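**Student:** Using only what follows, build the 3D model:
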Amino acid sequence: MPTQPEAFFLPASKGRPGQRFCIFHAAQGPVAKGCVLYIHPFAEEMNKSRRMAALQSRALAGAGYAVLQIDLLGCGDSSGDFGDATWEDWVDDVAHGAQWLLNHLDVPLWLWGLRVGCLLATQAADQLSRSCHFIFWAPPTAGKAMLQQFLRLKAAGDMLAGNASGATDSLRRQMAGDECVEVAGYALSPSVARGLDSATLAPHIARHANSARRVEWFELFTREGAVVSPAAAKASASFTSAAFAVRNHVILGPAFWQTSEIEEAPALIIATIAAITLAPTSVSA
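**Tutor:** Purely as a prediction, here's the structure:
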């Protein structure tokens with residue numbers, strides 16, 4: 001019989017403000033096969049993705065994996081305002097949530113990131129006491145393009161309102177002067193902007209290089225026959241070069257994190273379960 005998820009507030013790590021809202025899905029079965037930390041995407045993409053995150057978490061729990069969903073500082077139901085968070089706060093929150101899982105379960109750890117959550121996952125992994133595996137859902141290869149896309153929302157809104165000062169270069173200058181920028185209802189702090197601007201999807205983990213580590217990389221497309229971009233292939237190869245066993249998965253489904261209506265990608269849920277339960281037979285680019 002499936003158990004109900006447990007919602008609770010996790011006190012922030014030492015030196016960080018407030019509490020983090022969490023949902024814990026206990027693994028079904030006599031023994032957990034692994035534990036998974038979900039790292040949500042950026043700004044409004046988080047809200048668009050809530051249903052898919054919940055569906056995948058339940059599916060993982062049903063397959064024998066314990067899952068922790070955590071709202072980062074200033075996001076969702078956690079303490080603080082979005083504009084008060086720093087990139088370092090978010091990286092620390094990810095590491096703190098992962099360590100909570102490791103403190104409670106002596107099983108393999110997976111960091112499951114969606115979009116910007118993938119960038120945070122790779123940076124947070126370096127703070128952990130042991131190695132981990134990664135699940136990447138639609139990962140950006142660098143944060144710079146994500147930031148530019150976000151700032152364009154503000155620039156477009158300002159231009160429609162007759163304010164030509166909203167160009168992305170102007171917004172970057174504002175943040176360089178330590179000013180928050182209001183974008184689509186979110187106060188973007190200079191720290192988050194700088195962290196996102198400089199983040200790349202790369203294997204940051206050096207301490208655990210001798211441990212077997214895996215990356216299950218998923219890209220979604222709405223057309224048959226699509227392939228990953230050259231940038232994604234290059235980033236994937238960097239993990240292979242760092243001794244990760246990497247598998248790339250091309251899934252047919254909607255970009256649910258940006259659709260106007262809440263959508264699901266059932267094929268992605270099924271493929272994710274299949275990928276982590278089936279060990280790779282070889283390392284591939």
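
**Student:** Only C-alpha atoms from now on, for both contacts and neighbour counts.
**Tutor:** Noted.

**Student:** all strands for the stretch 1-150 of the chain, in order.
**Tutor:** 6-11, 19-25, 34-39, 65-70, 109-114, 133-137 (DSSP state E, counting those that start in this stretch).

**Student:** Save those strands as JSON lines, and put in distance to A85 and mean pLDDT too.
**Tutor:** Below are the strands of the stretch 1-150 of the chain laid out as JSON lines (distance: least, CA to CA, whole Å; pLDDT from 0 to 100):
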{"stretch": "strand 6-11", "distance to A85": "16", "mean pLDDT": "97"}
{"stretch": "strand 19-25", "distance to A85": "12", "mean pLDDT": "98"}
{"stretch": "strand 34-39", "distance to A85": "16", "mean pLDDT": "98"}
{"stretch": "strand 65-70", "distance to A85": "15", "mean pLDDT": "98"}
{"stretch": "strand 109-114", "distance to A85": "19", "mean pLDDT": "98"}
{"stretch": "strand 133-137", "distance to A85": "23", "mean pLDDT": "97"}
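
**Student:** Format these as CSV; extra columns: mean neighbour count.
**Tutor:** Putting the strands of the stretch 1-150 of the chain into CSV (neighbours: other CA atoms under 10 Å) gives the following:
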stretch, mean neighbour count
strand 6-11, 14
strand 19-25, 22
strand 34-39, 27
strand 65-70, 26
strand 109-114, 25
strand 133-137, 23
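
**Student:** export these to a markdown table and tack on distance to I270?
**Tutor:** What follows is these, written out as a markdown table (distance: least, CA to CA, whole Å):
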| stretch | distance to I270 |
| --- | --- |
| strand 6-11 | 24 |
| strand 19-25 | 18 |
| strand 34-39 | 16 |
| strand 65-70 | 14 |
| strand 109-114 | 15 |
| strand 133-137 | 13 |
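
**Student:** Which of those sits closest to A145?
**Tutor:** Ranking these by proximity to A145 (CA to CA) places strand 109-114 first, at 15.6 Å.

**Student:** Give me the residues contacting that closest one.
**Tutor:** Contacts of strand 109-114 with the rest of the structure, by CA atoms under 8 Å, 6 or more residues apart in numbering, involve 34-41, 98, 102, 118-121, 131-139.

**Student:** For it, what is the distance to the chain centroid?
**Tutor:** Centroid displacement of strand 109-114 relative to its chain, using CA atoms, centre = their mean, to the nearest Å, is 7 Å.

**Student:** Can I get that strand as CSV, trimmed to CA atoms?
**Tutor:** In CSV, the C-alpha atoms belonging to strand 109-114 read as follows (Å, rounded to 0.1, in the frame of the first residue of the first chain):
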residue,chain,number,x,y,z
LEU,A,109,22.2,9.0,-3.8
TRP,A,110,20.8,10.6,-7.0
LEU,A,111,20.6,14.4,-7.6
TRP,A,112,17.7,14.9,-10.0
GLY,A,113,17.7,18.4,-11.5
LEU,A,114,15.3,20.0,-13.9
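
**Student:** Adjacent strands (with direction) for that strand?
**Tutor:** Applying DSSP bridges, strand 109-114 is found paired with strand 34-39 (parallel), strand 133-137 (parallel).

**Student:** Give me the pLDDT value at the residue sitting nearest the centre point of the chain.
**Tutor:** Nearest to the geometric centre of the chain sits G117, at 1.7 Å (CA atoms, centre = their mean). On the pLDDT scale, G117 is placed at 98.

**Student:** Next up, the contacts around it.
**Tutor:** Residues in contact with G117 (CA under 8 Å, 6+ apart) are 39-42, 139.
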